[in-house]
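In: build me a model:
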Amino acid sequence: MPRTADDSWDIATSVGATAVMVALARAAETASADPLIRDEFAEPLVSTPELAGVREQVATWWTPEPQDGDEEAADLVVDAQQMINYQAVRTHFFDAYFAEAVAAGVRQVVILAAGLDSRAYRLPWPDGTVVYEIDLPKVLEYKEQTLAAHGATPTADRRAVPVDLRHDWPQALRDAGYDTERPTAWLAEGLLPFLPAAAQEAMFGSIDALSGPGSRVAVEMFGVDEENRKEAEERWAQVSAQREARGEDTSFNPFDLWFDDEGRPETAEWFSAHGWSTQVVGAREEAQRLGRPPQSEDRPFLNYFVTAAKA
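Out: Numbering: from 1, shown residues only. Presented below is the predicted three-dimensional model:
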């Protein structure tokens with residue numbers, strides 16, 4: 001369903017389901033012959049009975065359907081390998097960002113909208129590192145309980161912060177022990193389109209205010225312009241119509257989950273204007289560097305990654 005100002009979700013619905021889709025891609029990459037990243041927790045996180053419906057929908061999006069009988073119909077199916085490659089590149093980039101941060105002495109980490117991110121469990125954090133994970137209560141509970149059932153334990157001092165990023169998350173973060181005097185490595189991965197523009201700008205302001213000297217931030221920017229989004233929505237509508245005619249579940253529409261971009265600050269410009277030094281890396285260029293270029297020139301990697309450091 002379309003977003004509302006104070007909507008909520010669990011891991012199997014709305015924005016939560018997008019985290020499942022991303023984790024499925026990480027699981028597929030990990031199981032591949034020559035994985036770019038290894039996330040051994042992705043597969044158990046997405047294999048629970050309560051996510052069966054989400055897995056079924058993702059499988060039908062990613063799998064060509066011979067019964068449709070024509071190339072146009074097959075082309076409307078989301079390219080699984082394209083999704084897997086992009087998620088591998090994105091994960092690799094932000095893993096490297098954290099490695100550089102801790103190598104520079106940062107021992108405080110905040111993952112915004114953590115979803116099914118397993119970095120608190122899989123990265124080799126130095127002793128004394130505290131990883132704060134912010135997300136809705138049901139999402140954090142699902143991840144913690146599922147990984148505990150598999151005997152997984154965090155490799156850092158993981159602290160869940162169950163709060164909506166549209167609410168007073170800075171106070172919830174402080175209540176969890178966050179130290180505003182220490183340098184922090186922040187991550188906003190796969191997040192911005194799911195926040196209203198005002199909430200995004202407020203989040204940037206809070207990051208700036210909460211960050212001690214030497215802090216860093218990494219943000220994924222979605223490079224889909226109005227024309228590209230309109231084309232993608234039209235393709236999605238055609239796929240959905242075909243599947244609805246076959247009686248398949250078409251209840252999940254990712255385009256319903258994005259807020260309008262009007263008035264949204266450009267990340268690199270915002271942090272530069274507030275005294276942070278910034279760098280921008282295109283996902284396409286990063287993918288080519290890592291040997292994972294887009295599978296189709298019709299669907300290039302349009303996203304880009306912004307990193308910034310506070311003097």
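In: Pro183 sits in which helix or strand?
Out: In the assignment (DSSP states H and E), Pro183 maps to no helix and no strand.
In: what sits against the closest residue to it other than its chain neighbours?
Out: With C-beta to C-beta, 6 or more residues apart in numbering as the criterion, Pro183 has its nearest non-adjacent residue at 3.5 Å, and that residue is Gly214. Where you see a C-beta, it was placed from the backbone N, CA and C, and this is true even at glycine. Gly214 makes contact with 104-106, 183, 309-310, according to C-beta atoms under 8 Å, 6 or more residues apart in numbering.
In: Provide the secondary structure category for the nearest residue to Thr153 once chain neighbours are set aside.
Out: Excluding its sequence neighbours, the residue lying closest to Thr153 (C-beta to C-beta, 6+ apart) is Tyr121, at 7.3 Å. When classified by DSSP: H, G, I helix; E, B strand; the rest coil, Tyr121 comes out as helix.
In: could you identify the most distant pair in the contacts of Gly214?
Out: Gly105 and Lys310 (13.8 Å; C-beta to C-beta).
In: any common contacting residues for these two?
Out: With C-beta under 8 Å, 6+ apart, Gly105 and Lys310 have common neighbours 183, 214.
In: between these two, who's got more neighbours?
Out: Each of Gly105 and Lys310 has its neighbours counted (other C-beta atoms under 10 Å); Lys310 has more, 19 against 10.
In: so the more buried one makes contact with Ser211?
Out: Yes: look at Lys310 against Ser211 with C-beta atoms under 8 Å: they come within range, at 5.3 Å.
In: overlap in contacts, these two.
Out: With C-beta under 8 Å, 6+ apart as the test, Lys310 and Ser211 both reach Pro183.
In: quick one, phi psi at Arg107?
Out: Per-residue torsions, Arg107: phi -130, psi 10 (degrees, to the nearest 10).
In: nope, Glu266 is what I was after
Out: Dihedral angles (degrees, to the nearest 10) for Glu266: phi -80, psi 130.
In: same deal with Leu36?
Out: Taking degrees, to the nearest 10 as the convention, Leu36 sits at phi -80, psi -30.
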